[in-house]
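In: no FASTA, just this:
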C-alpha cells in the first residue's frame, strides 16, 4: 500500500510538553496538507506545502505550531507547550500540483493532552 | 470566505433503500471543485465522489451520484441501494486550493 501514512497513530501527552507528528505523502505528490479535526466536526485546514515551500498557513496555526517539509517529501508538525485544547485528530493529505487534484488522506494522529 | 453547510447532523436509512444527503456552500469563485468524503468510525477519510464546477453533468460513481445545482450552490449526495458498509460520517467539501469541509452528516444503515 503506497497511501499517505502518519506516525504515530495515537499520542497521549501532558500539558506543557512538546509533540511532533510525521506524515509521509504518496510518493509522486508535490502538495502536502495538514488539517485538524475535533470530535463531531469536519477537518479544518492548518497549512500546506508545495514541495518544500510552505504556501499558506491558517490563523488556527498559532505560534506554538510549526510545520516543515525540508526535502519536499515527508513533513513534520510540531506543537510546543501543548494545551488541552490541542486535543484533536491531526490529518495529513497529499495531492499532485493543481487545484483540481484530489487530496488523499492519511489515517491521522489522535492527540490527547492531559 | 467560503463556507460549507450540512444541515442534517444525522440520518438513517433502511438497507437497500435510497438516501440523499444535503449540502450547500457559499463562494464568490467561479472555478472550484466539490467533494463528498466518507469517514467510517475510527478509519481514515476516503473520497466518495467529486464534481468540477465547470461541468454541468452530475458526477456518478456506481451507487453514488450527486445533484449539483451551481446557481443554487447546492451539492447533494444520493446513495442508492444502501449497504451496511455505507454507515459512516459523510463530509461535503469545497476546494479551490485547500479543502473546506462541512460539519458532516452521520449516516446510519438500518438492517
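Out: Looks like it came in fine. The structure presented is a predicted model; accordingly, all values stated were derived computationally and were not measured. Residues are numbered from 1 along each chain as shown, chains lettered A, B, ... in the order given.

In: which residues sit in contact with residue 18?
Out: This is for chain A. Listed by C-beta atoms under 8 Å, 6 or more residues apart in numbering or on different chains, the contact set of residue A:18 reads A:78, A:79, A:80, A:81, A:82. Glycine gets a C-beta too; all of them are placed from N, C-alpha and C.

In: if you could check chain B rather than the one you did, that'd help
Out: Neighbouring residues of residue B:18 by C-beta under 8 Å, 6+ apart: B:78, B:79, B:80, B:81, B:82.

In: wait, the last one sits on residue B:20?
Out: If I follow you right, that is residue B:82. No. Using C-beta atoms under 8 Å, residue B:82 is not in contact with residue B:20; the gap is 11.0 Å.

In: ok so, going back, just put the contacts of residue B:18 in JSON lines and tack on pLDDT and secondary structure.
Out: Rendered in JSON lines, the data for the contacts of residue B:18 read as follows (pLDDT from 0 to 100; DSSP: H, G, I helix; E, B strand; the rest coil):
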{"residue": "B:78", "pLDDT": "98", "secondary structure": "strand"}
{"residue": "B:79", "pLDDT": "98", "secondary structure": "strand"}
{"residue": "B:80", "pLDDT": "98", "secondary structure": "coil"}
{"residue": "B:81", "pLDDT": "97", "secondary structure": "coil"}
{"residue": "B:82", "pLDDT": "97", "secondary structure": "coil"}
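
In: what's the closest of those to residue B:69?
Out: Closest to residue B:69 out of the contacts of residue B:18 is residue B:78 (13.2 Å), distances taken as C-beta to C-beta.

In: ok so, going back, from the contacts of residue A:18, which is closest to residue A:108?
Out: Using C-beta to C-beta, residue A:79 is the member of the contacts of residue A:18 that lies nearest residue A:108, at 14.7 Å.

In: residue contacts, that closest one?
Out: Applying C-beta under 8 Å, 6+ apart to residue A:79 gives the contacts A:18, A:19, A:20, A:64, A:65, A:86, A:111.

In: now, those that are in strands?
Out: Within the contacts of residue A:79, residues falling in strands by DSSP state E are A:19, A:20, A:65, A:111.

In: who's in contact with the second one?
Out: By C-beta under 8 Å, 6+ apart, the contact list for residue A:20 reads A:76, A:77, A:78, A:79.

In: give me the pLDDT for it.
Out: With respect to pLDDT, residue A:20 has a value of 98.

In: any part of the host helix or strand of residue A:48 near chain B?
Out: In this structure, residue A:48 sits in strand A:44-50 according to DSSP states H and E. Yes. For strand A:44-50, a contact with chain B is found by C-beta under 8 Å from any C-beta of the partner chain, at A:44, A:45, A:48.

In: in the residues you listed, which residue is surrounded by the most others?
Out: Using other C-beta atoms under 10 Å in any protein chain shown as the neighbour test, the residues of strand A:44-50 next to chain B are led by residue A:48, with 26 neighbours.
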